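Novice: Quick one, fold the following:
(chains A and B)
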There are 2 protein chains.
Amino acid sequence: MKIVICIVFVVFCRSIHAKVNNDYWSQRAKLLQSEKKSMFGHGIVLDASEQAVNEILMKAKNEEIDKGFKDPSSFLPSQNFLRVHDSIDNSTVFRVIRDMPKGAALHVHDTAIVSLDYVYHNLTYRPNLYVSQQDDSLRLRFFDKPKNDSWTLLSDARNETLDARIKRQLSLEVDADPDVVYPNGNAVWKKFISIFVFGRDLICYRPVFEDYTYQGLLEFYQDNVLYVELRTILPTLYELNGTEYGPIEVARIYQRVAERFERDHPDFVGLKLIYAPSRRVNASKVREYVATARSLVDAFPGFVVGFDLVSQEDIGLPLVEVADQLLDLNNELPFFFHAGETNWYGSSSDENLLDAVLLNTRRIGHGYALVKHPELLEMVRRRNIAIELCPVSNQVLALVRDQRNHPASVLFAADYPVVVSSDDPGLWAARGLSYDFYEAFLGIMSRRADLKVFKKLVYNSIQYSAMSKEDKWKALDIWLNKWQAFINKYLGRVS
Amino acid sequence: MKIVICIVFVVFCRSIHAKVNNDYWSQRAKLLQSEKKSMFGHGIVLDASEQAVNEILMKAKNEEIDKGFKDPSSFLPSQNFLRVHDSIDNSTVFRVIRDMPKGAALHVHDTAIVSLDYVYHNLTYRPNLYVSQQDDSLRLRFFDKPKNDSWTLLSDARNETLDARIKRQLSLEVDADPDVVYPNGNAVWKKFISIFVFGRDLICYRPVFEDYTYQGLLEFYQDNVLYVELRTILPTLYELNGTEYGPIEVARIYQRVAERFERDHPDFVGLKLIYAPSRRVNASKVREYVATARSLVDAFPGFVVGFDLVSQEDIGLPLVEVADQLLDLNNELPFFFHAGETNWYGSSSDENLLDAVLLNTRRIGHGYALVKHPELLEMVRRRNIAIELCPVSNQVLALVRDQRNHPASVLFAADYPVVVSSDDPGLWAARGLSYDFYEAFLGIMSRRADLKVFKKLVYNSIQYSAMSKEDKWKALDIWLNKWQAFINKYLGRVS
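Specialist: Numbering: from 1, shown residues only, chains lettered A, B, ... in the order given. Model (predicted):
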């Protein structure tokens, strides 16, 4: 009798034990499933062909991560892009991404979209370009005839030293370790701004400006991007005869270049402008900006689509100081504010996020600090405000050294409305969007993120753009055809 | 008539305009208020004296941040602790923190709690300590008489080179830039583990072990910590005569040291152990661990309080592989698992977080990756699982270079149950908890975080400890007296 009771008891315990354990494993599976279902791209369905291509992609991704896991020095998203961009070119994951049609680029800046190659090898060899080297300052500018004798024809002055100096002034790239050359954000921003200042007179010669813009669109197009929204300060352009062009005329020049580009590339959906002058001004200057923005939108409906303020947020005018003026513009001109491009938690730049959201911004530029503001995060989701993530920029400008620490992991984990863009690719040897897609995919998203996220990034880039509804459908249709071609190309490699 | 209508219209517009703007400002104030109300420490009320001391603290904090904002190279939480700990000693904010009574240390490791100063200048000068230098390997061990002639009495062998080598083997500190010497997590973990291996024979000589442990408690006590929970592997101890002590005996030795320390320091609440052997084993070894853990808890109720697994999580046994065995222990022995001490999102170490939570862990060691798992985050809150944040450790062990990017900002923003601890302070020239409190306060929390957060950290450290209810009240009472003295001391400086 005792033995029977014992056996029954043991069997009972075992079944309890089995039940506890079964509960555990089913809960675990449920939790993993639930994580998967709330991740970025969760709603996307891959058809059989896409699944086959996904396998190629994920094989390459897992191999690259596994290698990095064993030898962290081989893991590229952990290292400064300025040092590893050439290695990225050899990544299989990157090559697949480069081949993909990638939708729209929604966060890029006017005079930083063209590769150094073109700017240096083409633009600096144009006729009528003069150089001035006084003390420490180096300048380039086109003249019919220079105003004073500090200027020499560049083609006469060229030598190895000068050429190297010019190249250095056109890019953040350095020969030494960039983390040492640029030990913090302020140091790299100083150089960053100096590139814009130096490049201005070179790029803002009207014929060069047109070529520069055309080339910029071409580089995005060649990277399989089908539409671009450009933040522009609408810089003053000049002719050799001294004629200068103000914002309205410059917008018109942009429009002409865009039309020409679209004619030459019928499968490119277009260019639009966001007027985005410098925030490194005092509040009264913003009143002028607002007036200019109004005239631009009146003059170019559907082409100039919004307003923003640019330059280093930490030391620029906080939105809160001009909120009253900006409120006047509300509902008249959409806002696309940079906000929270900082790691100073609780600073004015951090709190720009509050004002951007309360000012009804359509999208947030960077929003790097957004995850530190849980209530804003929920407002962003509710109000359907897209976050423009620019991973390479954030790394190069020293916000984060290792993409695996980029806060956007949190945004991807919970499927916030994210788009990925490239900010200023020309200044750091990137091109188009591919490098940023690579960093986001390999460095910021989960190991489990797959081909679905790229479709989601494309959909978001179209959905959150300022395109008309009609153009959105057109863009989607063009993309879909290219996507099918991309899938078929890789399918060919499977069989 | 027309004029009247116009005036009425203008007045009407102005009032609409004023209303829109008023709405904006009230919404903004509400949002800021709401952020404040959901932040870590929001529930704490400061009395008038505390408010006065808070002003001193916040003045120093704001000055230190403002200086860092202008000159980032002066901002210490952005820089490797190994390089800047001496500068931290000069920070006013740090000095205030060092003076504070700081509650309990809930995440520290047995053989890494004592400063290099003591280990080197005291322990390595003990009699009977021998050195062996064969090829690249350096060893220290106490003998009555060494087994073979590879061993020399250290006091005979000492010279500058050997002394320097011993010091280097006892600490992560380096003469060069630590970010260069340790370019990634694997590199620094390799050195980190080698310190434990080298130190074992030095520290595990029973009389030395007792002194080491006493000194460790003393250093925490001197840093105004009133209770310690030690993760211990319960290393085998030895006597000169060859006698060795296993886990049960070592736990008893710990208990005796703790009792002696408590007798000598009646305002110290105590020491408890969490049995935490290495996770760098195969699954079958865990069965042994579990058996040992059971006997320990039986033999030392209220002293050995739980179970964990330690060592580099990325390359150690994932919890999922031993979940079945660990489930058997559930409800019998509380778990305090390390989990998510990684930035490999989607890896097995990242997903240890799932298992830790599902295995009903009482606290999570590090939980660095937790913010990437929103559903787990909510479970952690619901189940009241504390997250043991160790900022200096995470920086030194290369998870994050700049504390401003530490994901715990997200935890503090939404008042998750966080405690701050120091992991292995002796290996990187920290002491007690003060340095970690400093990094959390200045580098990870908002600029707006103030004295309230320290009270909250203390309350959490008591609440989430394994102390008995009675001891919790005792700890709180002791802390409160010390806190009052701390406040009075600083009040004296105001008047």
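Novice: which bits of the stretch 151-300 of chain A sit near chain B?
Specialist: Within the stretch 151-300 of chain A, the residues that sit near chain B (Cβ under 8 Å from any Cβ of the partner chain) are A:179, A:183-187. For the C-beta atoms, the positions are set from N, CA and C on the backbone; glycine is no exception.
Novice: Just the buried residues of those.
Specialist: Buried members of these, scored by 16 or more other Cβ atoms under 10 Å in any protein chain shown, are A:179, A:184-186.
Novice: Of all the residues in the stretch 151-300 of chain A, which one is nearest chain B?
Specialist: Relative to chain B, the nearest point of the stretch 151-300 of chain A is A:N184 (3.6 Å; Cβ to the nearest Cβ).
Novice: cool, the stretch 351-495 of chain A as well?
Specialist: A:R447 (3.0 Å).
Novice: Is that residue in a helix, a strand, or coil?
Specialist: Three-state call for A:R447 (DSSP: H, G, I helix; E, B strand; the rest coil): coil.
Novice: out of everything not next to it in sequence, what's closest to it?
Specialist: Spatially, and ignoring its direct neighbours in sequence, A:R447 is nearest to B:G346 (3.0 Å; Cβ to Cβ, 6 or more residues apart in numbering or on different chains).
Novice: Shouldn't the one you found be within a helix?
Specialist: No - counting by three-state DSSP, B:G346 is not found in a helix; it is coil.
Novice: could you list every residue that touches it?
Specialist: A:446-449 (Cβ atoms under 8 Å, 6 or more residues apart in numbering or on different chains).
Novice: again, but for A:Y120
Specialist: Residues counted as contacts of A:Y120 (Cβ under 8 Å, 6+ apart) are A:166-167, A:170.
Novice: Look up how far A:R168 lies from it.
Specialist: 10 Å (Cβ to Cβ, to the nearest Å).
Novice: Show me the two of the residues of the stretch 151-300 of chain A next to chain B that sit farthest apart.
Specialist: Farthest apart among these by Cβ to Cβ are A:D179 and A:N186. That separation is 14.4 Å.
Novice: send the alpha carbons of stretch A:355-364 over as CSV?
Specialist: Written as CSV, here are the backbone C-alpha positions of stretch A:355-364 (Å, rounded to 0.1, in the frame of the first residue of the first chain):
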residue,chain,number,x,y,z
ASP,A,355,8.4,72.0,-28.7
ALA,A,356,8.8,70.2,-32.0
VAL,A,357,5.9,67.9,-31.0
LEU,A,358,3.8,70.7,-29.6
LEU,A,359,4.4,72.7,-32.7
ASN,A,360,2.9,69.8,-34.7
THR,A,361,6.1,68.9,-36.5
ARG,A,362,5.3,66.4,-39.3
ARG,A,363,8.6,64.6,-38.7
ILE,A,364,11.5,64.9,-36.3
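Novice: and that stretch with chain B, contact?
Specialist: Yes - counting by Cβ under 8 Å from any Cβ, chain B is contacted by stretch A:355-364 at A:355, A:358-359.
Novice: what's the answer for stretch A:35-48, then?
Specialist: Yes - contact of stretch A:35-48 with chain B (Cβ under 8 Å from any Cβ) involves A:35, A:38.
Novice: What mean pLDDT does the helix or strand containing A:L106 get?
Specialist: Using DSSP states H and E, A:L106 maps to strand A:104-109. Strand A:104-109 shows a mean pLDDT of 98.
Novice: Which parts of the stretch 201-350 of chain A are strands?
Specialist: Secondary structure of the stretch 201-350 of chain A, counting by DSSP state E, counting those that start in this stretch: strands at A:227-232, A:237-238, A:244-245, A:270-275, A:304-307, A:338-339.
Novice: Out of those, flag the one nearest A:L491.
Specialist: strand A:227-232 (26.5 Å).
Novice: Quick one: list the elements packing against the closest one.
Specialist: strand A:104-109, helix A:206-222, helix A:247-264, strand A:270-275 (3 or more Cβ pairs under 8 Å, 6 or more residues apart in numbering or on different chains; DSSP states H and E).
Novice: Let me have the ones you listed in JSON lines, adding mean neighbour count as columns.
Specialist: JSON lines is the format used below for the helices and strands packed on strand A:227-232 (neighbours: other Cβ atoms under 10 Å in any protein chain shown):
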{"stretch": "strand A:104-109", "mean neighbour count": "27"}
{"stretch": "helix A:206-222", "mean neighbour count": "20"}
{"stretch": "helix A:247-264", "mean neighbour count": "17"}
{"stretch": "strand A:270-275", "mean neighbour count": "24"}
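Novice: which one of these lies closest to A:L154?
Specialist: Closest to A:L154 of the helices and strands packed on strand A:227-232 is helix A:206-222 (Cβ to Cβ; 13.0 Å).
Novice: helices or strands up against that closest one?
Specialist: Helix A:206-222 packs on helix A:116-121, helix A:185-203, strand A:227-232, strand A:237-238, helix A:247-264, going by 3+ Cβ pairs under 8 Å, 6+ apart.
Novice: which residues sit in contact with whichever residue of the stretch 1-150 of chain A sits closest to chain B?
Specialist: Chain B sits closest to A:P72 of the stretch 1-150 of chain A, with a gap of 3.6 Å, by Cβ to the nearest Cβ. By Cβ under 8 Å, 6+ apart, A:P72 lies in contact with A:78, B:183-187.
Novice: now, the most widely separated pair of these?
Specialist: A:S78 and B:A187 (12.2 Å).
Novice: Quick check: residues of the stretch 1-150 of chain A near chain B?
Specialist: Residues of the stretch 1-150 of chain A lying near chain B (Cβ under 8 Å from any Cβ): A:17, A:20-21, A:24-25, A:27-28, A:31-32, A:34-35, A:38, A:65, A:69, A:71-73, A:78.
Novice: which one among the contacts of A:P72 gets closest to A:R280?
Specialist: A:S78 (32.2 Å).
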